[in-house]
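Trainee: model the following, please.
(chains A and B)
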Amino acid sequence: MDGMSLLTITVLAVFVGFEVVSKVSSTLHTPLMSGANAIHGIILVGAIIVAGQAADPWVLAVALLAVVLATANLVGGFVVTDRMLHMFHGRKDVARSASAKAESK
Amino acid sequence: MTVLDPVWTALLYLVAAVFFILALRGLSSPRTARRGNLIGALGALIGVITVFLSVRLDNIPWILGSIAVGTVVAAPVARGVKMTQMPQLVAIFNGVGGGAAALVALLELGHTPDPWVRLAIVFTLLVGAVSFAGSGVTFAKLQELMTTRPVVFPGLPVVMAAVLLASVAAAVAVVFTGSVALAVLLLVLGLAAGVLLVLPVGGADVPIVISLLNAFTGLAVAASGVVLGNVLLVVAGTLVGASGTILTRAMAAAMGRSVAGILFGAFRGGSTAGSTAVSERPVRSSSPEDVAVLLGYAQRVIIVPGYGLAVAQGQHTAAELAAALEARGIDVAFAIHPVAGRMPGHMNVLLAEANVPYESLKEMGEINPEFKTADVALVVGANDVVNPAAKTSSGSPIYGMPILEVAEARQVVFLKRSMRPGFAGIENELLYQPQTSLLFGDAKDSLAQVLGAVKAL
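Mentor: Numbers count the residues shown, from 1 in each chain, chains lettered A, B, ... in the order given. Coordinates of the predicted model:
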């Protein structure tokens, strides 16, 4: 891919990144940070490419270390975010049942 | 395996990138957040499968084995971690991502004679290393492996400037020579810069720094995408870099801080290191029965939960106490400071875990005018977020942070472990006020005793 196209994509992505999170309540700051943190674990793709092209055992060793680290970032990031958000989900159900209880009183 | 031609590869990467955008969008609203996260995971899965199908790869068994190792290490930790320790875990995951990006860049150096690509390589190396080392220090601070107060030593600005200058020099040299040895030196300088960047940051500001380093890792990943000519990495990294920057500013604003002030405050001497000395001044200490009487005969009670509640795992007992008081016809609300706990929104997560109804959780702007009409403000394991020094004492490290106006309530009861100051390391004048009483002990035990006494009323 040529430099100009990459630059175009980058600039557009900056604006999209600004736009999608511009109005988020402080309640969701932590899960959002954690979710964004998981997304940059996609560096795993880069680590896989480098490991797949490694001919020298030392290069392979370092590349595989990068694969392990990137996987930890990616998998761990999505799992911990899901756990956080699971609790928000649970809370909504409780809120609903609590308001239902209040109505039935 | 190269089953996919470049067009299909590009299309699948595009799908993955769109999924990431939808993920961030979903995460910005409570109703769609969980689905958003799953969409993000799906996007990542598509991206990883695509790379296996589109690039000629050797060493595939090794790669799959390493992915398995990473998964087996990270997934159980992420599943099992206590919710109170979650900020540390996010910091670690962020750090290893930055480390991975730096290693990828280092290994690509031998493959390119193009100085522009080398420029992207040195950027990834430096920023990835800063993120890795900085996240390590934030982990140590949050885990309290080291002091949570700002670490400053004479000459720190000089050392920092020297490291940065040396980094720039090494970076320029790498761009022109492509020397791997110099690149390793740059990596080491980046690690040093990361440590020096985070050391002077006070404990209360650490979450904001995690968010900032998260944005850094995003930028490093984007630059590694330029190095590898991989659009997915460019888009995903840039998205995280941009949204992370906005998020960092939003977090800092919620705490009444500026990002520059947090990072460089200690250099300027603005962020004073508080005192650790435990004060000898007299306070009014109270018994669980006294507190129960105060609460049980009030009309309106506002509970202010803080990190101490979370550490003691007392959120379930707090929820029970609130229910017991409501059963007596008392109006109970939880006042949630934006940074209660250790990260913005952390306390909401913890109370949600304890099944506290959503309507009982009031955000700061909503609850602050109501303290005037509250009979009792029950502060459980919180300190800095109710410290009036944030409003009155301009030399204080938390000056300017919005606080919960607990002092307006008719009676204030603190459940505290000890007189030790809060995370910011400063004293709280409110503890010595005439309307304040204190009940010492573990937050969960104290709450259980108060709960028992309320039920006995």
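
Trainee: quick check, stretch B:57-65 touching chain A?
Mentor: Yes. With C-beta under 8 Å from any C-beta of the partner chain as the criterion, chain A is reached by stretch B:57-65 at B:57, B:58, B:59, B:60, B:62, B:63. For every residue, glycine as well, the C-beta is placed using N, CA and C.

Trainee: scan these and report the most crowded one.
Mentor: residue B:63 (25 neighbours; other C-beta atoms under 10 Å in any protein chain shown).

Trainee: run through the residues that contact that residue.
Mentor: Taking C-beta atoms under 8 Å, 6 or more residues apart in numbering or on different chains, we find residue B:63 in contact with A:48, A:51, A:52, A:64, A:67, B:57.

Trainee: the second one contacts residue B:61, doesn't it?
Mentor: No. Look at residue A:51 against residue B:61 with C-beta atoms under 8 Å: they stay out of range, at 11.1 Å.

Trainee: give me the more crowded residue out of these two.
Mentor: Ranked by neighbour count (other C-beta under 10 Å), residue A:51 and residue B:61 place residue A:51 first, with 27 against 8.

Trainee: find the nearest non-adjacent residue to residue B:42, please.
Mentor: residue B:19 (5.8 Å; C-beta to C-beta, 6 or more residues apart in numbering or on different chains).

Trainee: identify each buried residue in the helix or strand harbouring the one you found, please.
Mentor: Assigned by DSSP states H and E, residue B:19 falls within helix B:6-27. By 16 or more other C-beta atoms under 10 Å in any protein chain shown, the buried positions in helix B:6-27 come out as B:9-10, B:12-13, B:16-17, B:19-27.

Trainee: how near is residue B:421 to residue B:386?
Mentor: Separation of residue B:421 from residue B:386 (C-beta to C-beta, to the nearest Å): 13 Å.

Trainee: looking at those two, which one has more neighbours?
Mentor: Using other C-beta under 10 Å as the criterion, residue B:421 and residue B:386 rank with residue B:386 on top: 26 against 21.

Trainee: leaving out sequence neighbours, find the closest residue to that one.
Mentor: Residue B:386 sits nearest to residue B:406 (C-beta to C-beta, 6+ apart), 4.3 Å away.

Trainee: circling back to that earlier point, and for residue B:421 and residue B:386, which residues touch both?
Mentor: With C-beta under 8 Å, 6+ apart as the test, residue B:421 and residue B:386 both reach residue B:428.

Trainee: hey, where'd the helices end up in the stretch 151-300 of chain B?
Mentor: Using DSSP state H, counting those that start in this stretch, the helices of the stretch 151-300 of chain B run over residues B:156-177, B:180-198, B:206-228, B:231-254, B:259-268, B:288-296.

Trainee: nearest to chain A, out of these?
Mentor: Chain A sits nearest to helix B:231-254 of all the helices of the stretch 151-300 of chain B, at 2.6 Å, using C-beta to the nearest C-beta.

Trainee: for residue B:362, grab phi and psi.
Mentor: Backbone geometry at residue B:362, expressed as degrees, to the nearest 10, gives phi -110, psi 130.

Trainee: and it, how many neighbours does it have?
Mentor: With other C-beta under 10 Å as criterion, residue B:362 counts 16.

Trainee: where in chain A is pLDDT low?
Mentor: For chain A, the stretches flagged by pLDDT under 70 are A:1, A:88-105.

Trainee: please apply the same query to chain B.
Mentor: In chain B, residues with pLDDT under 70: B:1, B:203, B:256, B:265-280, B:397, B:422-425.

Trainee: which one's the longest helix in it?
Mentor: Scanning chain B for the helix with the most residues, using DSSP state H, yields helix B:115-142.

Trainee: check the offset of that one from the chain's centre.
Mentor: 18 Å (C-alpha atoms, centre = their mean, to the nearest Å).

Trainee: just checking, what packs against that helix?
Mentor: helix B:86-108, helix B:156-177, helix B:180-198, helix B:206-228 (3 or more C-beta pairs under 8 Å, 6 or more residues apart in numbering or on different chains; DSSP states H and E).

Trainee: run the chain-centre distance for the last one.
Mentor: Pointing back at helix B:206-228 there. On the basis of C-alpha atoms, centre = their mean, helix B:206-228 sits 15 Å off its chain's mean C-alpha point.

Trainee: and the angle from that helix to helix B:86-108?
Mentor: 20 degrees (axes from the mean of the first three to the mean of the last three C-alpha atoms, to 10 degrees).

Trainee: check which helices and strands helix B:206-228 sits against.
Mentor: Under the contact rule (3+ C-beta pairs under 8 Å, 6+ apart), helix B:206-228 is packed against helix A:3-20, helix A:29-39, helix A:43-52, helix B:86-108, helix B:115-142, helix B:231-254, helix B:259-268.

Trainee: please see if the fourth one touches chain A.
Mentor: Yes. In terms of C-beta under 8 Å from any C-beta, part of helix B:86-108 sits within range of chain A, namely B:86-87, B:89-90, B:93-94, B:96-97, B:99-101, B:103-104, B:106-108.

Trainee: and that helix, which residues are buried?
Mentor: B:86-108.

Trainee: same check on stretch B:350-362?
Mentor: Quick answer for stretch B:350-362 (16+ other C-beta under 10 Å): B:350, B:351, B:352, B:353, B:354, B:355, B:356, B:357, B:358, B:360, B:361, B:362.

Trainee: show me what from the stretch 301-450 of chain B comes close to chain A.
Mentor: So the stretch 301-450 of chain B meets chain A at B:336, B:338, B:343-346, B:348-349, B:351-353, B:355-359, B:363 (C-beta under 8 Å from any C-beta).

Trainee: so residue B:394, which state does it fall into?
Mentor: coil (DSSP: H, G, I helix; E, B strand; the rest coil).

Trainee: residue B:4 in helix, strand or coil?
Mentor: coil.

Trainee: now do residue B:420
Mentor: coil.

Trainee: report how many residues lie close to it.
Mentor: There are 12 residues near residue B:420, going by other C-beta under 10 Å.

Trainee: and the helices in the stretch 301-450 of chain B?
Mentor: So, for the stretch 301-450 of chain B - with DSSP H, counting those that start in this stretch - the helices run B:307-311, B:315-327, B:346-353, B:364-367, B:389-392, B:443-456.

Trainee: so the longest one versus helix B:315-327, what angle?
Mentor: Relative orientation of helix B:443-456 versus helix B:315-327 (the same axes, to 10 degrees): 20 degrees.

Trainee: so for helix B:443-456, what gets flagged as buried?
Mentor: B:443, B:444, B:445, B:446, B:447, B:448, B:449, B:450, B:451, B:453, B:454.

Trainee: skipping its backbone neighbours, what lies nearest the third one in space?
Mentor: Ranked by C-beta to C-beta, 6+ apart and with sequence neighbours excluded, the top spatial neighbour of residue B:445 is residue B:312, at 7.6 Å.
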